[in-house]
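>>> Model the structure of this input:
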Amino acid sequence: MEATKNKLWTRDFSILTLGTVVSMLGNAVAGFAIGLLVYDRTESVLLYALFMTCYSLPRIVLPMFAGPYLDRFSRKRVIYTLDFASAAFYTVFFILLLRGYFNYTAYLLMSMVVGGIDSVYSVAYESFYPTLISEGNMTRAYSIESLIYPLSSAIMVPIAGICYRTIGLAPLFLFNALTFLIAAIAETQIKAVETHIANAVEKFNGSRFMQDLKDGFAYLKRERGLNAITWFFFVMMFTSSICMTLALPYFKTLTLVDGVMQYSLVMSANTIGRLIGGSVHYFYRYPAQKKYNIALFVYVAISIFDGAYLFFPFWAMLFFMLFEGMLGVTSYNIRISGTQNYLPNEMRGRFNGLFQMLSILGTIGGQLIAGAIGDLFDIRLVVAVCMAIFGLSVFVFITPNREAVKKIYNVNA
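Numbering: from 1, shown residues only. As a prediction, this is how the structure comes out:
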């Protein structure tokens, strides 16, 4: 059934949000801890970056092919099925870690399985979530969504760091498995009717799939604003992934202090900034006619903050990352609420799949570059150059298409 008009916290919206919160608590633990484990065991930036890349490899093509399917079939069923699968997978991971098993090749393969599940889940979730939001509440709803991951990280990443040095990783993955199981059970109780399933299942065959896929590419090509935003975020993900991949190795080179602890605190400052920014969006609605200009300012400011913070003392890093988090969640909310409001429901799966595919291509390209040059050049200089490229891309993709982008951003969603 459709969400009640002007009421955000409907039953179905609350269930999906609760399920997401629970699963993200577990994911925040696993994401931080497994990367740290791999880097500690290999002591190689290249192998660490390769591990991160293998997680992203399935996300190159799976979102694109998942899009047409998710525009024809139940997105809700895909969401809870994949959460059940994740619960089972992390249970296996828990057993392996409990026995002290570590094999780099096996971990690469397991990371690809996780990446495949996450990629399809993300497209299904991003396409289903807007349908549970009542009219006029898009911005508020996405302010809540933007709080979930940073809040989970703020709570669980410090705990993961402590557990890593005390009880080990195995219990963390058992916790992760339980969170996914709870989320999946909750999501089966969502009753919303998915109106995009207008065509009968038997009409969806190979030729229909290929036509739907082509229609998705054609839609993105003719929508100038969406096209500009998509390619801009491709560059953003490319440059940001280089910086994020190199951040932990840089902090671990700091021999006079506990680099891992400093890294955790800096990332926590960014998380706190995102929490503040997301809270502001929930209670305060930015004027629609100014959203494009706000997003433009944020893009340029982030390129400066992220490019410069490693050159400053630790207290200044905290300051920069706090404000970067506040600004980042602001631009995210403007972009995601604007694009999802603009998209027709029957096209959401295909657009979200293509958007995610290009974003992941940028991420993987950045991770590979980081792995190739991370041991050769000053990491701080690499980060500064990457953020300069990101800043320039604003004037290559966004400003030349300002009128088309304004139609997407400048709305009271």
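
>>> quick one: buried residues of the strand or helix carrying residue 276?
Using DSSP states H and E, residue 276 falls within helix 259-283. Going by neighbour count (16 or more other C-beta atoms under 10 Å), the buried part of helix 259-283 is 259-260, 262-279, 281-282. All C-beta spots, glycine's among them, are computed from the backbone N, C-alpha and C.

>>> Equivalent analysis for stretch 406-413, please.
Across stretch 406-413, burial judged by 16+ other C-beta under 10 Å covers 406-411, 413.

>>> of all the residues you listed, which comes closest to residue 231?
residue 408 (14.0 Å; C-beta to C-beta).

>>> rewinding a little: angle of the next helix or strand after the helix holding residue 276 against helix 259-283?
For helix 259-283, the following helix or strand on the C-terminal side (DSSP H and E) is helix 291-308. Interaxial angle of helix 291-308 relative to helix 259-283 (axes from the mean of the first three to the mean of the last three C-alpha atoms, to 10 degrees): 170 degrees.

>>> Could you tell me how far residue 238 is located from residue 160?
Remark: distance between residue 238 and residue 160 (C-beta to C-beta, to the nearest Å) = 27 Å.

>>> what's near enough to touch the closest residue to residue 39 other than its chain neighbours?
The shortest distance from residue 39 to any non-neighbouring residue, by C-beta to C-beta, 6 or more residues apart in numbering, is to residue 48 (4.3 Å). Residue 48 makes contact with 35, 38-39, 42, 245, 248-249, 371, according to C-beta atoms under 8 Å, 6 or more residues apart in numbering.

>>> For the residue nearest to residue 84 when sequence neighbours are not counted, pull up the helix or strand it's in.
Ranked by C-beta to C-beta, 6+ apart and with sequence neighbours excluded, the top spatial neighbour of residue 84 is residue 184, at 4.5 Å. For residue 184, the element it lies in under DSSP H and E is helix 170-187.

>>> Distance from the chain centre to that helix, please.
Relative to the chain's own centre, helix 170-187 is displaced by 19 Å; criterion: C-alpha atoms, centre = their mean, to the nearest Å.

>>> And for stretch 386-405?
Put simply, stretch 386-405 sits 21 Å off its chain's centre (C-alpha atoms, centre = their mean).

>>> got it, and stretch 24-36?
Taking C-alpha atoms, centre = their mean, the mean C-alpha location of stretch 24-36 is offset from the chain mean by 14 Å.

>>> Output that stretch as PDB, nothing but the C-alphas.
The C-alpha coordinates for stretch 24-36 follow below in PDB (Å, rounded to 0.1, in the frame of the first residue of the first chain):
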ATOM      1  CA  MET A  24      24.800  -1.600   9.500                       C
ATOM      2  CA  LEU A  25      25.900  -2.000  13.100                       C
ATOM      3  CA  GLY A  26      27.400  -5.400  12.100                       C
ATOM      4  CA  ASN A  27      28.700  -4.100   8.700                       C
ATOM      5  CA  ALA A  28      30.600  -1.200  10.300                       C
ATOM      6  CA  VAL A  29      32.500  -3.700  12.500                       C
ATOM      7  CA  ALA A  30      33.300  -6.100   9.700                       C
ATOM      8  CA  GLY A  31      34.400  -3.500   7.200                       C
ATOM      9  CA  PHE A  32      36.900  -1.900   9.500                       C
ATOM     10  CA  ALA A  33      38.300  -5.000  11.100                       C
ATOM     11  CA  ILE A  34      38.800  -7.200   8.100                       C
ATOM     12  CA  GLY A  35      40.700  -4.500   6.200                       C
ATOM     13  CA  LEU A  36      43.000  -4.000   9.200                       C
END
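
>>> Which of the residues in that stretch are classified as buried?
Buried residues in stretch 24-36, counted by 16+ other C-beta under 10 Å: 24-36.

>>> I'd like the next helix or strand past the helix ranked longest in the chain.
The residue-count maximum for a helix in the chain (DSSP state H) belongs to helix 11-42. With elements assigned by DSSP H and E, the helix or strand that comes after helix 11-42 is helix 45-56.

>>> and the next element down the chain from that following helix?
Counting by DSSP H and E, the next helix or strand C-terminal to helix 45-56 is helix 58-70.

>>> Quick one: list the elements packing against the helix or strand just after that following helix.
Once helix 58-70 ends, the next helix or strand along the chain (criterion: DSSP H and E) is helix 75-98. Judged by 3 or more C-beta pairs under 8 Å, 6 or more residues apart in numbering; DSSP states H and E, helix 75-98 is in contact with helix 11-42, helix 104-128, helix 170-187.

>>> Need these in CSV (columns: mean pLDDT).
As requested, the helices and strands packed on helix 75-98 are exported to CSV (pLDDT from 0 to 100):
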stretch, mean pLDDT
helix 11-42, 80
helix 104-128, 87
helix 170-187, 88
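
>>> Among these, which comes closest to residue 83?
Short answer: helix 170-187, nearest of those by C-beta to C-beta, at 3.6 Å.

>>> Tell me, please, where in the stretch 51-200 of the chain the pLDDT is lower than the cut-off.
Along the stretch 51-200 of the chain, the parts satisfying pLDDT under 70 run over 154, 198-200.

>>> Distance from the chain centre to stretch 240-248, please.
With C-alpha atoms, centre = their mean, you get 15 Å for stretch 240-248.

>>> whoops, stretch 78-93 was the one
The chain centre lies 19 Å from the centre of stretch 78-93; the measure is C-alpha atoms, centre = their mean.
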